[in-house]
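Trainee: Sharing a sequence plus its predicted fold:
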Amino acid sequence: MIGATHYVALSLILFCLGLIGVMVRRNFITVLMSVELLFNAVNLNLIAFSFRLGDLAGQVLAIFVITVAAAEAAIGLGLIIALVRLKDTVLLDEADVMRS
Amino acid sequence: MDFLVANFGAIFFYVVAALAVAGGIGVITFKNPVHAALALLETFVMVAVLFILRHAEFLAAVQVLVYAGGIMVLYLFVIMLVKVKNLRADEVFLSGIAPLAVLAGVLLGALVAAGILLGSMAAGDASADVLRTVVTEGGAEVLGNTEAVGWVLYTKYLVPFEVVSVLLLVAMIGAIVFGRRDAALADAGEGVES
């Protein structure tokens, strides 16, 4: 019988993968993709508990999370375009203008 | 065969979950950003399947439309636009902190897993009909997940809904400002003479 525990465990695995991706990748685009992985893990958690508790609040909150994810993608990809125009790179460790 | 039939739900969940995790591993390991994007797409679709299994049919449709349809196209568009140089294999990860980061991720996973296992999560789920029921002044009626989510969204959570629309407006203005060509050039010190 698949219960909320299974979904929370899968969400945990996806969240840790996204966290590792955010920390280790050099490519800005892939870091943003890892952030999307984090959003998806959280959404999975919300949906699992929405079903577990029989409450639609979890699903409504997941809609808000998706909205925030879309806003984050738009802003982040705008940042990538600006970074490429400015430094001609998408590697995060080369974006160090404040340090020079 | 009887085992397959009796445990179909569990087997289906494990297959879908394994595919989702495989997509996640692909996102953080593939060298080519396009391959990473396609792995991410796989994870999005598998998460949508899991939403359907948890009776969040509307959310599953939104997941496919917004994530797989919108955000993923945006990512691929930007990847093609910025013409990413082919990175060498040793340049994909930040060299110094990669082992520490993996250790941190695994530690967080172990901690939360311990919390899940030690905490008491009583077995049994609520009836799926609750997620399809529209409660109005006239009484409760079982219609569908989309109607139910819409009723809750536009009555109980109307104020957060409006706040989110302001957030989207702010994000749109921010994206336009970041994308302006002369703003990037002015910040670079190259100046805009005209």
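Mentor: Yep, that arrived.

Trainee: ranges for the helices of the chain?
Mentor: Answering for chain A, as no chain was given. Under the criterion DSSP state H, helices of chain A are mapped to A:4-24, A:28-53, A:57-87.

Trainee: try again with chain B
Mentor: B:2-6, B:8-29, B:33-53, B:57-62, B:72-82, B:98-118, B:145-155, B:158-179, B:181-187.

Trainee: picking that back up, now the helices of chain A as TSV including mean pLDDT and distance to residue A:95?
Mentor: All C-beta atoms are positioned from the backbone trio N, CA, C, and that covers glycine. Supplementary listing: the helices of chain A in TSV, determined by pLDDT from 0 to 100; distance: least, Cβ to Cβ, whole Å:
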stretch	mean pLDDT	distance to residue A:95
helix A:4-24	90	15
helix A:28-53	92	8
helix A:57-87	90	6
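
Trainee: Turn those into a markdown table, including mean neighbour count and distance to chain B.
Mentor: What follows is those, written out as a markdown table (neighbours: other Cβ atoms under 10 Å in any protein chain shown; distance: least, Cβ to the nearest Cβ, whole Å):
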| stretch | mean neighbour count | distance to chain B |
| --- | --- | --- |
| helix A:4-24 | 22 | 4 |
| helix A:28-53 | 23 | 4 |
| helix A:57-87 | 19 | 3 |
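
Trainee: Among those, which comes closest to residue B:9?
Mentor: Nearest to residue B:9 among those is helix A:4-24 (10.6 Å), distances taken as Cβ to Cβ.

Trainee: For chain B, give me the ranges with low pLDDT.
Mentor: B:83-91, B:120-128, B:182-194 (pLDDT under 70).

Trainee: run the last query once more with 80
Mentor: Within chain B, the set of residues satisfying pLDDT under 80 comprises B:1, B:83-98, B:115-142, B:179, B:181-194.

Trainee: The residue nearest to residue B:39 when sequence neighbours are not counted: neighbour count?
Mentor: With Cβ to Cβ, 6 or more residues apart in numbering or on different chains as the criterion, residue B:39 has its nearest non-adjacent residue at 2.9 Å, and that residue is residue B:26. Burial of residue B:26 is recorded as 18 neighbouring residues (other Cβ atoms under 10 Å in any protein chain shown).

Trainee: repeat for residue B:158
Mentor: 11.

Trainee: residues touching residue A:20, list them.
Mentor: A:34, B:28, B:101-102, B:104-105 (Cβ atoms under 8 Å, 6 or more residues apart in numbering or on different chains).

Trainee: try 10 Å
Mentor: Applying Cβ atoms under 10 Å, 6 or more residues apart in numbering or on different chains, we find residue A:20 in contact with A:34, A:37, B:24-25, B:28-29, B:93, B:98, B:101-106, B:108-109.
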